[in-house]
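Asker: next input, structure requested:
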Amino acid sequence: MADTNTSEASPLLVVARRYPDYPAAAKGACAWVQSGREKVDENLLGLHRGETSKGPGQVIGTSLQTLLPIRLQYQKPTVTYLIVLSLDKQAPGAEGGLGIHFMAVNLSNPSEKLAAIIEGTPDLPIDRRTTLYDEYIAELQWHNAQYIWNWWKTSELQ
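Answerer: Next up is the predicted model:
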């Protein structure tokens, strides 16, 4: 299943793929990020924060922080999210519903994105889906970006 959202400025391709569970979806998202020439430099990883039902500022994924080599003392880092654990609130079974999914950016071509859908979550009632999402997000709050990246990439807790 592919969903193409185009604008005149920059076309955006979102590919949706279903995975049997959280670990498989996480691994698929990490593979997508590095599917081109560019590979993740773990030294540049940062936490990506967002708003959840628990409030703003929650860790929801990883990002890549880079600086251009010119005028570093005045420049803020450029932050590109790599993988974000997301939740949609479409009605259970709705056409195009993504449920709980990892949204991943291809590092070599940021206009290519993957929605790695955790199988079964689009069909969950919204309150149960939100509770499960909150449980997944809670697991991220006490870890650094490198730990989360390696956990998702290998499906192994360190």
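Asker: next, the buried residues of the longest strand along the chain.
Answerer: Using DSSP state E, we find that the single longest strand of the chain is strand 55-66. Buried residues in strand 55-66, counted by 16 or more other CB atoms under 10 Å: 58, 59, 60, 61, 62, 63, 64. Heads up, the C-betas are built off the backbone N, CA and C, glycines and all.
Asker: quick check: which element contains the closest residue to the third one other than its chain neighbours?
Answerer: Among residues not flanking residue 60 along the chain, residue 50 sits closest, at 4.4 Å (CB to CB, 6 or more residues apart in numbering). Counting by DSSP states H and E, the element that carries residue 50 is strand 45-52.
Asker: that strand pairs with which strands, parallel or anti?
Answerer: strand 55-66 (antiparallel) (DSSP bridges).
Asker: hmm, who's touching the strand it pairs with?
Answerer: 40-41, 44-52, 77-86, 102, 107, 137, 140-141, 143, 145, 148-149, 152 (CB atoms under 8 Å, 6 or more residues apart in numbering).
Asker: and the helix or strand just after it, what does it pack against?
Answerer: Where DSSP H and E defines the elements, the next helix or strand beyond strand 55-66 is strand 78-87. Strand 78-87 makes packing contacts with helix 22-33, strand 45-52, strand 55-66, strand 100-105, helix 126-138, helix 145-154 when contacts are defined by 3 or more CB pairs under 8 Å, 6 or more residues apart in numbering; DSSP states H and E.
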